[in-house]
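Chemist: Kindly generate the corresponding structure for this input.
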Amino acid sequence: MTTRKPLPPPGTLKEVADRSGISAATLSRVLNHPDLVRPELRARAETVLAEAGYVPHGAARSLASRKTRTMGAIVPTVDSALFAKIVDGLQQTIQARGYQLLFASNNYSPAREAAEVRALLERGIDGLMLVGTVRGPEVYDMLRQRGVPFVTTCHYDATAAWPTVGWDNAAESERIADYLLDIGHRRFGVIAGQAKDNDRAAERIAGFRRALQKRGIALPPERVTERPYTVPEARHAMAALLRLPEPPTAVMCGNDILAYGALQECLWRELRVPEQISITGFDNIEMAAHCRPGITTLHVPAFELGETAARLLLDAQTTAPSGPPEHAFIELELIVRGTTAPPPAVERARRARASASATSTASTGSIVLPHATARSAASSTTPLHVSARSARK
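Modeler: Numbers count the residues shown, from 1 in each chain. I've put the predicted structure just below:
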């Protein structure tokens, strides 16, 4: 059994510099602004600091610079692949610039979020990432009083007085509904997240409803159900929709977890998806591509969203505010997979027309060659295209 060699007493930065032959100024730069140091020199300096067991005195450094080199992030829940990806993008980006991350969740509670913001400010964070728009004014007051830059994500608002990174949730949900309408569906159900204190869930319901109203289709209350984002809750919701006198031919879900639960309920009941019923999600988490059939959904580039939020927070550390805040609009992509198809009646009519056309062609003695099948995202596990644009407005 080998014993680990004890670390030497850390000493001061000057003592570490004298022992290593690397200047104290370079070591300090590696600790405070690593992106300004050549990669090979930075790697050597980091090894020297690690071997010396040197840890900078955070409180003293904060007093000198009025910066802790720490960012904060508060998300609704840690039980979410989407938020995990966003935080990963944020953390990797700030760590490359020598910042650490303090992380909390609010469980979709504005009061809890306010308490977490207060706690993070007491620890001296230099910037903060938040999700959505539902919170009390005291949160913004606290951040402004402390002069801490912040960014809100998963929505886009060019009129906001602070930076936003995201998309229009209502418009994107309307886009899903339009796709289903275009392929022939007219009887819908919605399984949404709980809209109370959740602007994303509320706006997605509004988008679904708006798209149907434009086509003259009603969405009665009994066809809309709000549930926590879990598979069992989604199964219960789908079961209730299937018990309606006229069950929907398409069910739009507020995210991919709800869509997966709805799909599983159908499969357990031996309903054929999408032949008998279509299902859509939102987010394009990994599960959506790898279940069977794959879930039709909107792709959210979550890691890139976290990177963009980090860039805005980092820029605010070195650049004084001048002019309107920057708002980054993230373009989502509709990924069509195996859970959607025309409703049964439309598909039967299409087949009847095709059969009649084939019979007519055969009677003329012509030979009909089959068309090549168009390649689509139905069998793809990755989106075809995602782009983003930033605009100062």
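Chemist: What are the contacting residues of stretch 302-311?
Modeler: 71, 82-83, 85-94, 129, 151, 153-154, 165-166, 283, 328, 330, 386, 388, 390 (CB atoms under 8 Å, 6 or more residues apart in numbering). All C-beta spots, glycine's among them, are computed from the backbone N, C-alpha and C.
Chemist: for that stretch, what is the average pLDDT?
Modeler: Per-residue pLDDT values across stretch 302-311 average out to 98.
Chemist: How about stretch 165-184?
Modeler: So the average pLDDT for stretch 165-184 ends up being 98.
Chemist: CA atoms only: put it into PDB for me.
Modeler: Extracted as PDB, the C-alpha positions of stretch 165-184 are listed here (Å, rounded to 0.1, in the frame of the first residue of the first chain):
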ATOM      1  CA  VAL A 165     -31.400  34.500 -23.400                       C
ATOM      2  CA  GLY A 166     -34.000  32.300 -24.900                       C
ATOM      3  CA  TRP A 167     -37.000  32.100 -27.200                       C
ATOM      4  CA  ASP A 168     -40.700  32.900 -27.400                       C
ATOM      5  CA  ASN A 169     -42.400  29.900 -25.700                       C
ATOM      6  CA  ALA A 170     -45.900  30.800 -26.900                       C
ATOM      7  CA  ALA A 171     -44.800  31.200 -30.500                       C
ATOM      8  CA  GLU A 172     -42.800  27.900 -30.500                       C
ATOM      9  CA  SER A 173     -45.800  26.000 -29.100                       C
ATOM     10  CA  GLU A 174     -48.000  27.500 -31.700                       C
ATOM     11  CA  ARG A 175     -45.500  26.200 -34.200                       C
ATOM     12  CA  ILE A 176     -45.900  22.600 -32.900                       C
ATOM     13  CA  ALA A 177     -49.700  23.000 -33.100                       C
ATOM     14  CA  ASP A 178     -49.500  24.300 -36.700                       C
ATOM     15  CA  TYR A 179     -47.500  21.300 -37.700                       C
ATOM     16  CA  LEU A 180     -50.100  18.900 -36.300                       C
ATOM     17  CA  LEU A 181     -52.900  20.900 -37.900                       C
ATOM     18  CA  ASP A 182     -51.100  20.900 -41.200                       C
ATOM     19  CA  ILE A 183     -51.000  17.100 -41.300                       C
ATOM     20  CA  GLY A 184     -54.700  16.800 -40.600                       C
END
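Chemist: Could I get the buried residue list for it?
Modeler: Of the residues in stretch 165-184, those scored as buried under the neighbour-count criterion (16 or more other CB atoms under 10 Å) are 165-170, 172-174, 176-181, 183-184.
Chemist: next one: stretch 86-106
Modeler: For stretch 86-106, the neighbour count (16+ other CB under 10 Å) marks 86-87, 89-91, 93-94, 97, 99, 101-106 as buried.
Chemist: for stretch 26-36, same thing?
Modeler: Residues 26-31, 34 are the ones in stretch 26-36 that count as buried (16+ other CB under 10 Å).
Chemist: Show me the strands in the chain, by range?
Modeler: When assigned using DSSP state E, the strands of the chain occupy the ranges 70-75, 100-105, 127-131, 150-153, 164-166, 188-193, 224-227, 250-253, 278-280, 297-299, 326-330, 333-335, 388-392.
Chemist: Could you look over these and pick the most buried one?
Modeler: Mean neighbour counts were taken over these using mean count of other CB atoms under 10 Å, and the top value, a mean of 31, falls to strand 250-253.
Chemist: How far off centre is that one?
Modeler: Using CA atoms, centre = their mean, to the nearest Å, the mean C-alpha position of strand 250-253 is found 20 Å from that of the whole chain.
Chemist: mean confidence for that strand?
Modeler: Per-residue pLDDT values across strand 250-253 average out to 98.
Chemist: Could you name the helices and strands sitting against that strand?
Modeler: helix 169-182, strand 188-193, helix 231-242, helix 256-268, strand 278-280 (3 or more CB pairs under 8 Å, 6 or more residues apart in numbering; DSSP states H and E).
Chemist: Now do the contacts for the spatially closest residue to Arg112 that is not a sequence neighbour.
Modeler: In space, and not counting its chain neighbours, Arg112 is closest to Asn106: 4.6 Å by CB to CB, 6 or more residues apart in numbering. The neighbours of Asn106, taking CB under 8 Å, 6+ apart as the test, are 74-76, 112-113, 116.
Chemist: buried set for stretch 114-121?
Modeler: Of the residues in stretch 114-121, those scored as buried under the neighbour-count criterion (16+ other CB under 10 Å) are 114, 116-117, 120-121.
Chemist: Can you tell me which of the residues you listed end up in helices?
Modeler: For those, membership in helices holds for 114, 116-117, 120-121, with DSSP state H as the criterion.
Chemist: export the helices and strands packed on strand 250-253 to TSV and tack on distance to Arg144?
Modeler: Below are those laid out as TSV (distance: least, CB to CB, whole Å):
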stretch	distance to Arg144
helix 169-182	26
strand 188-193	30
helix 231-242	38
helix 256-268	35
strand 278-280	40
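Chemist: This completes my enquiry, with thanks.
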